[in-house]
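Asker: Need coordinates for the below:
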Amino acid sequence: MNKDFTFTLKSICFDENYRPSDNTRITTNFANLARGKRRQENLRDTLSMINNRFNDLASWDNPNGDRYSVQLEIVSVDLDIKGDGHKFPTIEILKTNIFDNKTKKHVEGMVGNNFSSYVRDYDFSVLLLDHNKGKDNFTVPENFGDLHGKLFKYFVSSNIYKNNFNKLPVICLSVSDNKIYYRTENQHPVLGFEYEPNEPSLTEQYFKKMGLQVRYFMPRNSAAPLAFYFFGDLLNDYTSLELISTISTMETFQKIYRPEIYNANTVAGKCYQPSLQHQDHSLTRIDYDREERGQLAIKQGHFTKEHFIKPYQKMLEQWSANYTL
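Answerer: Okay, here's the model as predicted:
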């Protein structure tokens, strides 16, 4: 392992006054909301949706539905490869913190939630597209996701992670709109009914290289299942309030970004195929440009290629080849 590979970590509160830093991926959920004329209203409405959903799920000893408030922290992780102080923005995640308005105490939340990565942008929006140009059949490049997966595992096993977080991350994403999901009889008191896909998705395979396994659950009063990526035992390693903090935060983002699935007016049944063409859905009051977000992912992928992959290619290849956890 290269002793010069070092991570630095910084965090900023995600509240109605949040403004993205220059290193933040603009395609990131929270950064995309903090732009334009309605930026403050967007942020305020988003946080209100998160709090309302949290109290809906944490309904015990909460008669007025206002006991808890969720406070969000954006955690940015930079990587210095050569030890010369030149840092590249590698990972961005969210940390939830819960405030109990009844006891006036802070409760530990969950780290992970949202997951952003410039290298993932490069893999999916540059490398994968270039690999399939002019081809009739879609294929995945050899060793696709290897470097990204090892960088993520290296971060999670690092001292800087262990010194800042008490538990391993859980990342919560949307279901895939080209898979079919079947409801099982397994029901968790917080996560809800478990669903199983008809086949693995490319995202599943990509996150598996990050050391993460996945399970799909549809919480009470949700319109569709969510994908939970985790280490260890999702159902027993985390408290009910920790799980609710992730559900309320990430379901809110999905209602904004994928309303056809997560703000649909009909609820997923026993056999469910998500669709971004589903017309029977409601829109939130929050402004969001999905088309622009897709274009920015490509731009950010090319940025990564020019400023990270190409300059450090030999060093990265050597490190990846020798990396063992």
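Asker: Going by C-alpha atoms from here, please, whenever you check contacts or count neighbours.
Answerer: Noted.
Asker: Please, where are all the strands along this structure?
Answerer: 6-14, 68-80, 87-100, 105-117, 170-174, 181-188, 192-197, 213-218, 226-230, 271-272 (DSSP state E).
Asker: Any idea which of those strands gets closest to Asn265?
Answerer: strand 271-272 (14.2 Å; CA to CA).
Asker: Note down every partner strand of that closest one and its orientation.
Answerer: Here strand 271-272 is paired, per DSSP bridges, with strand 181-188 (antiparallel).
Asker: May I have the strand it pairs with as CSV, with CA atoms only?
Answerer: The C-alpha trace of strand 181-188 is given here as CSV (Å, rounded to 0.1, in the frame of the first residue of the first chain):
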residue,chain,number,x,y,z
TYR,A,181,-38.8,-6.4,-7.9
TYR,A,182,-40.9,-9.0,-6.0
ARG,A,183,-42.2,-8.5,-2.5
THR,A,184,-41.3,-11.1,0.0
GLU,A,185,-43.0,-12.1,3.3
ASN,A,186,-40.1,-10.6,5.3
GLN,A,187,-41.3,-7.4,7.1
HIS,A,188,-39.0,-5.3,9.3
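Asker: Residues touching it, excluding its own?
Answerer: 193-198, 235, 269-273 (CA atoms under 8 Å, 6 or more residues apart in numbering).
Asker: Of these, which pair is most distant in space?
Answerer: Checking these with CA to CA, the most distant pair is Leu235 and Gln273, at 24.8 Å.
Asker: Look at those two and report which has more neighbours.
Answerer: It is Gln273, of Leu235 and Gln273, that has more neighbours when counted by other CA atoms under 10 Å, with 17 against 13.
Asker: contacting residues around that one?
Answerer: 177-181.
Asker: let's go with 6 Å and repeat that
Answerer: Counting by CA atoms under 6 Å, 6 or more residues apart in numbering, Gln273 makes contact with Ile180.
Asker: ok, now how distant is it from Asn17?
Answerer: Distance check for Gln273 against Asn17: by CA to CA, to the nearest Å, it reads 38 Å.
Asker: can you count the residues close to Ala297?
Answerer: For Ala297, using other CA under 10 Å, the count is 22.
Asker: and it, what is it in contact with?
Answerer: Asp121.
Asker: same question for stretch 16-29, mean pLDDT?
Answerer: Here stretch 16-29 scores 58 as its mean pLDDT.
Asker: Check the offset of stretch 119-131 from the chain's centre.
Answerer: 18 Å (CA atoms, centre = their mean, to the nearest Å).
Asker: sorry, that was for stretch 242-250
Answerer: Using CA atoms, centre = their mean, the offset of stretch 242-250 from its chain centre is 12 Å.
Asker: who's in contact with that stretch?
Answerer: In contact with stretch 242-250 (CA under 6 Å, 6+ apart) are residues 50, 53-54, 109-110, 113.
Asker: can you tell me which of those lies nearest to Thr252?
Answerer: Ile50 (6.0 Å).
Asker: can you count the residues close to that closest one?
Answerer: 23.
Asker: State the distance from Tyr262 to Asp56.
Answerer: Taking CA to CA, one finds Tyr262 at 16 Å from Asp56.
Asker: Can you pick out the residue with more neighbours from these two?
Answerer: Tyr262 (27 against 18).
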